[in-house]
Every structure is written in C-alpha cells, then in structure tokens.
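**Q** One predicted model, sequence on top.
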Amino acid sequence: KAGVTQTPRYLIKTRGQQVTLSCSPISGHRSVSWYQQTPGQGLQFLFEYFSETQRNKGNFPGRFSGRQFSNSRSEMNVSTLELGDSALYLCASNGGGGTYEQYFGPGTRLTVT
Amino acid sequence: AQSVAQPEDQVNVAEGNPLTVKCTYSVSGNPYLFWYVQYPNRGLQFLLKYITGDNLVKGSYGFEAEFNKSQTSFHLKKPSALVSDSALYFCAVRVFSGGYNKLIFGAGTRLAVHP
C-alpha cells in the first residue's frame, strides 16, 4: 500500500507571494490533517479535512487555508507569505475505524525569503 | 488546558543500554496517547499508541511504553538502544472537542545513542 505523498518536497518563495502544497493520503483514507513544524513552535495543528469538509481548525490566521477533493487529495494554501511561515509542513493520513493513528508524509520544506 | 510535556530536550545513551524518553500529559477524560519518531528530513513515523487495555504497550522497532494513570505519564522505553535509534521523538495526545479531534504534540526529545 502506498504511503502519504506530498509535493513539492522543497519550495523557496518570497515574502508576499502565495503557495499551494499538495498531499495524497493513503488509499482508502478519507481524512487528512495538516501540521506546521518549526524549531520554535514545534508541531502545530493547522486543520483537518474529512470527505471534502473541514471539520477542525487550529489557531492560525486566515492566510492559511485548505481544501480536499473528492479523491481525498488535499491542498493547503498560504497567501501573503511572511518570513515566519518558513517551516516543514506535514500532511497526515488519518486511519479510520477507531484506530486514531495518523500516518505522516515526508513533508514540504517551505523557505520564505 | 490539554497539553503534553516532554521534560528533556535531549537524552544521551550508550549503545546497548536501556533508554527512557519521558512524557507527561494533561487531558480531560481518558487519554489517547501516541509516540512518533522523526528522522532527519523525514516525516513522523508511528511507533505505538495507548487507547485502552494493558498499561504496557509494545510497538515498532522494539520500543514499548508504559501508561501510568496516577502519574499521568507515558514514558517510551527500549531495553537495549541502537545507534540507529538516534532521532527526534514526539509524544502526542489526541484530544476531542465538539465531536472533532486533533493531535497535540510535545516539544520533542532528541535521542542520541553513542557507540
């Protein structure tokens, strides 16, 4: 069974630009969560999608948004990038059936200059 | 507030010795606890979880964790450390609110196993 894939793996953007990151969950998983990892703040929950609906959101500004498609693939978008948005963005594919396990992709390393 | 604490930024162990990585939690209700490991430039890998049942949980790569309700702890252990175990370890708790849930992670503990 293929794992979680995230594209691109690395990205360099300039302040003020916007960026879109993509995540494909494990086949059959309908829920996807996104996290931001930084040295200072650690791992922070961004949002969770289930069957194309956002059902949980972390404490991030509105510049951070996401969506999920009918095939469960998910994208997150960050608009008006700031230097502090430089981070590793991790996508997790959520196993259902009461397992509560999350399987993480390799992440997208975003650098804002 | 619901939270997870990993009191040690780094743990140093000699290869072959037992290792313990500490984790304490604060949640309302029954805790759903997890350990993840992160290798450089990689995502997080699931190690083990405690949902209910036996307090000693066995996971991947020879790791185990002991759930202690009275001490609100969920320490990760391994009887004999390997150099390849050197990585960043995260404890996490799943919290439920308003019918939805999310993982709250500790700050992470860097494990260094020396030959």
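**A** Received it, and whenever you're ready, just let me know what you need.
**Q** and the gap between the residue lying closest to B:Leu111 once chain neighbours are set aside and chain A?
**A** Take B:Leu111 and drop its neighbours on the chain: the residue closest to it by Cβ to Cβ, 6 or more residues apart in numbering or on different chains is B:Val11, 5.2 Å away. Every C-beta, even on glycine, is put in place using the N, C-alpha and C of the backbone. Applying Cβ to the nearest Cβ, to the nearest Å, the value for B:Val11 to chain A is 17 Å.
**Q** Could you list every helix and strand in contact with the strand or helix carrying B:Val11?
**A** Counting by DSSP states H and E, the element that carries B:Val11 is strand B:10-14. Strand B:10-14 is packed against strand B:19-21, strand B:109-114, with contacts defined by 3 or more Cβ pairs under 8 Å, 6 or more residues apart in numbering or on different chains; DSSP states H and E.
**Q** Make JSON lines out of those and add distance to B:Leu47 and mean pLDDT.
**A** JSON lines is the format used below for those (distance: least, Cβ to Cβ, whole Å; pLDDT from 0 to 100):
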{"stretch": "strand B:19-21", "distance to B:Leu47": "10", "mean pLDDT": "98"}
{"stretch": "strand B:109-114", "distance to B:Leu47": "12", "mean pLDDT": "97"}
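**Q** Kindly format the C-alpha coordinates of stretch A:11-24 as PDB.
**A** Output in PDB follows, covering the C-alpha atoms of stretch A:11-24 (Å, rounded to 0.1, in the frame of the first residue of the first chain):
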ATOM      1  CA  LEU A  11      10.000  25.200  -2.000                       C
ATOM      2  CA  ILE A  12      11.500  28.700  -1.900                       C
ATOM      3  CA  LYS A  13       9.200  31.700  -2.000                       C
ATOM      4  CA  THR A  14       9.500  35.400  -1.500                       C
ATOM      5  CA  ARG A  15       7.600  37.400   1.100                       C
ATOM      6  CA  GLY A  16       4.100  38.400  -0.200                       C
ATOM      7  CA  GLN A  17       3.800  35.500  -2.500                       C
ATOM      8  CA  GLN A  18       1.300  32.700  -2.100                       C
ATOM      9  CA  VAL A  19       2.000  29.000  -2.100                       C
ATOM     10  CA  THR A  20       0.000  25.800  -2.600                       C
ATOM     11  CA  LEU A  21       1.100  22.400  -1.200                       C
ATOM     12  CA  SER A  22      -0.400  19.100  -2.100                       C
ATOM     13  CA  CYS A  23      -1.000  15.900  -0.200                       C
ATOM     14  CA  SER A  24      -2.200  12.500  -1.300                       C
END
